[in-house]
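*Asks:* here you go, sequence then predicted model.
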Amino acid sequence: MEAADPNQGNKVATEQSATKEAKGSGVSILVISGRSGSGKTSVLNILEDLGYYSIDNLPLSLIPNAVDKLVGESGIRRIALGVDIRTPRADLSNFASIYKTLRQTYGKQTIKVIYVTAQDTILVARFNATRRVHPLMAQEIESSTYPTYNLPAAIKKEEELLEPIASYADIKIDTSKLNIHQLKDRLRDHIGVDNKIVINLLSFGFKYGSPIDADFVFDVRILPNPHWNPELRTATGLDAKVGEFFADYPEVAEMTNDIAKFLDRWLPDFLHNNRHTVTVAIGCTGGKHRSVFITDKLQSYLAKSLPKGLKVVAKHREKSRW
């Protein structure tokens, strides 16, 4: 009989720890819960904008398998799961077990519980303003039982039923006096996610219509047009020979620099304005030479000068017409 390896237990524990660390590497799993009307859905929407894969009203008992599938098979690393009073009551009483399973599988630092709430008077006012039925009252209506809850009673009862989740909350947010922008800032601070905005630089041709989704529109039709040069008519603003043509006209560089300085000054302010995209449209007649050239130059300049939270992307709307 072979002698037992006294280090075998340590080896197994080390292997299990390494497996858990590998599974939880780069993964962030947020369980979002809270009282109805306190802003749980708004939190999920904000997290989705911040790059989280959000699922609302998933029964608690299904969460471990859902997370395994999302992380293991789909490679999704940021997950936000909304759980509220609509989940089966048996699931609520088993939250501690489900929470423990997730922590054992993915690591303690990977799992966070965010609980949102508000003052009772605020919740009553919100329900009255929206004329929505509290979920506990709706469940009684659907089951045809005699209603035992008025709105204040339903709000109180919900708080009791959600206590198994609230007691594990890493983050509690009272939304009584928060607007949507303040709520987003509070979430970003808690989970350590910086705000990011995509700056879409869009060249276009006025002859095909102005873009309706543009935040800024710059008209560069005042500049010399390569279209009237037969040798450049088939070229685009991305071609070197068009750039050589524009080099003979200092006003092209001057207008490009003026637009760049304006955008460099004001675009960073959108980081604090609850925005996710900003579209800057540059238009000439056909969207082939002048607007394309300037859009390309602006992308190169702004990609270097703007803060890291602003990602600059150049698009040419009329490219299919070239």
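*Replies:* Structure's in. What do you need? The shown structure was predicted, so the numbers you read here are calculated from the model rather than taken from an experiment.
*Asks:* separation between residue 102 and residue 64?
*Replies:* Separation of residue 102 from residue 64 (CB to CB, to the nearest Å): 6 Å. To be clear about C-beta, it is placed using only N, CA and C from the backbone, and glycine gets the same treatment.
*Asks:* who has more neighbours, the two?
*Replies:* Using other CB atoms under 10 Å as the criterion, residue 102 and residue 64 rank with residue 102 on top: 20 against 14.
*Asks:* residues near the nearest residue to that one once chain neighbours are set aside, how many?
*Replies:* Excluding its sequence neighbours, the residue lying closest to residue 102 (CB to CB, 6 or more residues apart in numbering) is residue 111, at 4.9 Å. For residue 111, the number of neighbouring residues by other CB under 10 Å comes to 23.
*Asks:* for residue 111, what are its contacts?
*Replies:* 29, 31, 99, 102-103 (CB atoms under 8 Å, 6 or more residues apart in numbering).
*Asks:* and stretch 251-266, what's buried?
*Replies:* Buried residues in stretch 251-266, counted by 16 or more other CB atoms under 10 Å: 252, 255-256, 259-260, 263.
*Asks:* leaving out the residues flanking it, which one is nearest to residue 277?
*Replies:* Counting by CB to CB, 6+ apart, the residue nearest residue 277 is residue 198, at 4.9 Å.
*Asks:* how many neighbours does the one you found have?
*Replies:* When neighbours are counted by other CB under 10 Å, residue 198 registers 13.
*Asks:* got the phi/psi numbers for it?
*Replies:* Backbone torsions of residue 198, given as degrees, to the nearest 10, read phi -90, psi 120.
*Asks:* so which residues of the stretch 51-200 of the chain form strands?
*Replies:* 53-56, 78-82, 111-117, 171-174, 197-205 (DSSP state E, counting those that start in this stretch).
*Asks:* correct me if wrong: residue 120 contacts residue 156.
*Replies:* Yes: Residue 120 lies in contact with residue 156 (CB atoms under 8 Å); the separation is 7.4 Å.
*Asks:* from residue 283, how far out is the residue nearest to residue 277?
*Replies:* When residue 198 is compared with residue 283 (using CB to CB), they lie 20 Å apart.
*Asks:* ok, now residue 39?
*Replies:* Taking CB to CB, one finds residue 39 at 40 Å from residue 283.
*Asks:* more crowded one of the two?
*Replies:* Higher neighbour count among residue 39 and residue 283: residue 283, with 28 against 24, using other CB under 10 Å.
*Asks:* got a list of what the more buried one touches?
*Replies:* Counting by CB under 8 Å, 6+ apart, residue 283 has contacts 203-206, 210, 217-221, 291.
*Asks:* helix, strand or coil for it?
*Replies:* Under DSSP: H, G, I helix; E, B strand; the rest coil, the three-state class of residue 283 is strand.
*Asks:* who does it bridge with?
*Replies:* On the basis of DSSP bridges, residue 283 takes part in beta bridges with residue 204, residue 219.
*Asks:* do you know the pLDDT at it?
*Replies:* On the pLDDT scale, residue 283 is placed at 97.
*Asks:* also the one 5 residues further on?
*Replies:* Per-residue pLDDT puts residue 288 at 96.
*Asks:* quick one: contacts for it?
*Replies:* Taking CB under 8 Å, 6+ apart, one finds 205, 227, 236-237, 318, 321-322 in contact with residue 288.
*Asks:* of those, grab the buried ones for PyMOL.
*Replies:* Selection of buried members from those for PyMOL, criterion 16+ other CB under 10 Å:
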select buried, resi 205+227+236+237+318
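*Asks:* turn the contacts of residue 288 into CSV, columns for distance to residue 76, pLDDT and secondary structure.
*Replies:* Formatted as CSV, the contacts of residue 288 follow (distance: CB to CB, whole Å; pLDDT from 0 to 100; DSSP: H, G, I helix; E, B strand; the rest coil):
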residue, distance to residue 76, pLDDT, secondary structure
205, 39, 97, strand
227, 48, 95, helix
236, 39, 96, coil
237, 39, 96, coil
318, 36, 96, coil
321, 38, 92, helix
322, 38, 92, coil
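*Asks:* quick one: the helices in the chain?
*Replies:* 8-24, 40-49, 63-68, 89-93, 95-106, 120-130, 135-142, 151-161, 163-166, 180-191, 240-247, 250-266, 290-305 (DSSP state H).
*Asks:* now for the nearest residue to residue 34 once chain neighbours are set aside, how many residues are close by?
*Replies:* Distances taken as CB to CB, 6+ apart place residue 116 nearest to residue 34, at 3.5 Å, with adjacent residues excluded. By the criterion of other CB under 10 Å, residue 116 has 25 neighbours.
*Asks:* can I assume residue 116 is in contact with residue 37?
*Replies:* No: counting by CB under 8 Å, residue 116 stays clear of residue 37, with 9.8 Å between them.
*Asks:* mind listing the shared neighbours of those two?
*Replies:* Counting by CB under 8 Å, 6+ apart, nothing touches both residue 116 and residue 37.
*Asks:* who does residue 30 bridge with?
*Replies:* Going by DSSP bridges, residue 30 forms beta bridges with residue 80, residue 112.
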